[in-house]
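A.B. asks: After the sequence you'll find the predicted model.
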Amino acid sequence: MEGLFSSGQARAIRVSNFSTKKLEDLIKYAKVPLVVNQVECHPIWQQPTLHTTCANQPLFISPKKINKCLIHDK
């Protein structure tokens, strides 16, 4: 991915479903900073440690699209 970024074929590097441990390991070796981690994010699955890790980088969290409603209003 860094090669694509360096050649101008990618504008940013995003990852998906990376845990805190995986992010920390990747950040140690990455030459190009990550921009987004797309993860499951809702009131039941908040992942506060992951949010703190991303905020300290800075690394944006993008919630994954959910195909169904979490709350059904009638």
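C.D. replies: Done, it's in. Numbering: from 1, shown residues only.

A.B. asks: Relative to Val32, how far out is the nearest residue to Glu40 once chain neighbours are set aside?
C.D. replies: Closest residue to Glu40 apart from its sequence neighbours, by C-beta to C-beta, 6 or more residues apart in numbering: Lys64 at 5.3 Å. Every residue, glycine included, has its C-beta placed from N, CA and C. The gap separating Lys64 from Val32 is 23 Å, by C-beta to C-beta, to the nearest Å.

A.B. asks: How is the most centrally placed residue in the chain assigned, secondary-structure-wise?
C.D. replies: The residue lying closest to the centre of the chain (C-alpha atoms, centre = their mean) is Asn37, at 0.7 Å. Put simply, Asn37 is strand when judged by DSSP: H, G, I helix; E, B strand; the rest coil.

A.B. asks: what's the biggest helix by length in the chain packed up against?
C.D. replies: If you go by DSSP state H, the chain has its longest helix at helix 20-29. Here helix 20-29 touches helix 48-55, going by 3 or more C-beta pairs under 8 Å, 6 or more residues apart in numbering; DSSP states H and E.

A.B. asks: Now the element after the helix it packs on, going C-ward?
C.D. replies: Downstream of helix 48-55, the next assigned helix or strand under DSSP states H and E is strand 60-63.
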